[in-house]
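[1] My questions concern the predicted model and sequence given below.
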Amino acid sequence: MKLAGMLRSYQAMRESRLHQELTHDEFLSALIQSEWEYREHHKISRRLNMARFRYPASIEELHFAPDRNMDKTQLLRLADCSFIEQKENVLITGATGVGKSYLASALGHQACHKGYKVLYFNTQKLFPKLKMLRADGSYARELAKIERADLLILDDFGLVPMDSTARMMLLEIIEDRHGRKATIIGSQLPVAKWYEVIGESTVADAILDRMTHTAHRIELKGQSLRKK
């Protein structure tokens, strides 16, 4: 039956002779609880490995210094992951080093712990990867995987202007997820400059309308945390 959690707990209690102090009901309850905890831990580990986060981040380690322009109330509300249930986006902007990637990863970790499937991508690496997958015929399968994720994190968005292929790929991803799944986008550029990065005004309008609709915006400020 693959009850690895029960087996480990049973062996530990045998070695410590703790089982001798328990009633039959208490002993069975302890084994069941151990099995449940083991399976939950295994599920969380699998979701974290699948997400491939940039940082092993956590909400508890965020710094809410006044100069960072980080609203603690807003962040704690996002940490309950209701934005994922409501299929809303989160847009995180700010200069390099202010903690955008860490914050996005922290929200992603929180989602994994709450049972959601998360995927994390550096945007500059995602589109070359998708172009290569087009060549070997697995492009549609990768897009379907991205679409199924409860939360998609696109980090370092807008570092370089997009070519026509990347632009249409982004439109396809955002269109597939709009109103169905949640997305977090991190960028050094303010949202107003995303039009220039995407290029081609008609496509940019379509993408940004879907990105910014019902989106939570976080504009981080302050000095680079890397310098500190």
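    Done, it's in. Because the structure is a prediction, the values reported are computed rather than measured. Residues are numbered from 1 along each chain as shown.

[2] so which strand or helix has Thr96?
    Assessed by DSSP states H and E, Thr96 sits outside every helix and strand.

[3] For the closest residue to it other than its chain neighbours, grab the count of nearby residues.
    If the residues on either side of it in the chain are set aside, Thr96 comes closest to Gln188, at 5.7 Å by Cβ to Cβ, 6 or more residues apart in numbering. In short, each C-beta sits where N, CA and C put it, glycine included. Neighbourhood size, Gln188 [other Cβ atoms under 10 Å]: 16.

[4] correct me, but Gln188 touches Gly97?
    No: between Gln188 and Gly97 there is no contact under Cβ atoms under 8 Å: 9.6 Å.

[5] what residues are up against Pro190?
    Contacts for Pro190 (Cβ atoms under 8 Å, 6 or more residues apart in numbering) come out as Thr93, Glu219.

[6] Can you report phi and psi for it?
    Note on Pro190: its backbone torsions stand at phi -60, psi 150 [degrees, to the nearest 10].

[7] re earlier: give me every residue that touches the residue nearest to Thr96.
    For Gln188, the contacting residues are Thr93, Gly94, Ala95, Thr96, Lys100, Asp156, Gly158, Leu159, by Cβ under 8 Å, 6+ apart.

[8] pretty sure the second one is in contact with Gln223, am I right?
    Meaning Gly94. No: in this structure, Gly94 is not within contact of Gln223 by Cβ under 8 Å, at 11.1 Å.

[9] Same drill for the two, tell me which one is more crowded.
    Each of Gly94 and Gln223 has its neighbours counted (other Cβ under 10 Å); Gly94 has more, 22 against 13.

[10] List the contacts of the more buried one.
    Residues near Gly94 by Cβ under 8 Å, 6+ apart: Lys100, Gln188, Glu219, Leu220, Lys221.

[11] How many residues are close by the last one?
    Which is Lys221. Neighbours of Lys221 (other Cβ under 10 Å): 14.

[12] Just give the nearest non-adjacent residue to it, would you?
    Leaving aside its chain neighbours, Lys221 sits nearest to Asn69 (4.2 Å; criterion: Cβ to Cβ, 6+ apart).

[13] list the contacts for the residue nearest to the spatial centre of the chain?
    By Cα atoms, centre = their mean, the chain has its centre lying nearest to Gly108, at 2.9 Å. Residues near Gly108 by Cβ under 8 Å, 6+ apart: Ala51, Phe53, Ala57, Val118, Tyr120, Leu151, Ile153, Ile184.

[14] rerun that using 6 Å as the cut-off
    Ala51, Phe53, Val118, Tyr120, Ile153 (Cβ atoms under 6 Å, 6 or more residues apart in numbering).

[15] And the fourth one, which helix or strand is it part of?
    Secondary-structure assignment from DSSP H and E places Tyr120 in strand 118-122.

[16] State the paired neighbours of that strand in the sheet, together with their directions.
    Here strand 118-122 is paired, per DSSP bridges, with strand 151-157 (parallel).

[17] correct me, but Ala215 touches Asn89?
    Yes: using Cβ atoms under 6 Å, Ala215 is in contact with Asn89, at 4.1 Å.

[18] Quick check: pLDDT value at the residue nearest to Thr96.
    For Gln188, the pLDDT comes out at 95.

[19] for Met1, same thing?
    We have a pLDDT of 56 for Met1.

[20] returning to what we had before: and Ala215 and Asn89? Which one has more around it.
    Using other Cβ under 10 Å, the more surrounded residue of Ala215 and Asn89 is Asn89, with 22 against 19.

[21] Not counting its neighbours along the chain, what's nearest Ala149?
    Leaving aside its chain neighbours, Ala149 sits nearest to Leu119 (4.3 Å; criterion: Cβ to Cβ, 6+ apart).
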